[in-house]
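S.K.: Following is a predicted model, sequence given first.
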Amino acid sequence: MFDKLDPEARLLLLRFVCAFAWADLELKEAEERFVRRLIEKLELGEEESAQVEDWLITAPSPESVDPKLIPAEHKRVFVEAVRAVMYVDGDVDEDERAQLDALKATLES
C-alpha cells in the first residue's frame, strides 16, 4: 500500500496522519504508537523522522494539510491511513468523524 509513495508523499501522508491524530486536540498513546509504527514502515530518513516527531508534540498547521496537496493516485492510501489513526484508540467523536467525512468529500470532488 505504501510502497508506491515517493519520499515527499510519505512525509505528506504522515503530516495528514498527525494532523488527524490531533483532531480532538489530544494525542492519545495509541495514536502516537500508530504514527511511530508508520514511521518505521515507511522507512523515513533521520530528518523526516525528526519532523514527524515534532508533529507528535505540536500538530501540523491547518494550511499544511490541504487535501489539494494529495496526489490523485494516492487519495485512497491517505484516507485509509487517516481513518486508521482516528480509530486506533477506539474512540471517534462526532467532530473527528466530520473531519474524516470532509476529507473524503473533498478528495472525491
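M.R.: Alright, I've got the coordinates. This one's a predicted model, so the numbers in the text were calculated from it and none came from an experiment.
S.K.: Can you give me the distance of K104 to P71?
M.R.: Relative to P71, K104 is positioned 16 Å away (Cβ to Cβ, to the nearest Å). C-beta: built from backbone N, CA, C; applies to glycine.
S.K.: give me the element E32 is part of.
M.R.: For E32, the host element (DSSP states H and E) is helix 29-42.
S.K.: Could you pull up the mean pLDDT of that helix?
M.R.: Averaging pLDDT along helix 29-42 yields 96.
S.K.: Please apply the same query to stretch 76-92.
M.R.: 94.
S.K.: Report the buried residues of it.
M.R.: Within stretch 76-92, the residues scored as buried using 16 or more other Cβ atoms under 10 Å are 77-79, 81-83, 85-89.
S.K.: Is the closest residue to E29 other than its chain neighbours in a helix, a strand, or coil?
M.R.: Among residues not flanking E29 along the chain, D89 sits closest, at 8.0 Å (Cβ to Cβ, 6 or more residues apart in numbering). Assigned state for D89: coil (three-state reduction, DSSP: H, G, I helix; E, B strand; the rest coil).
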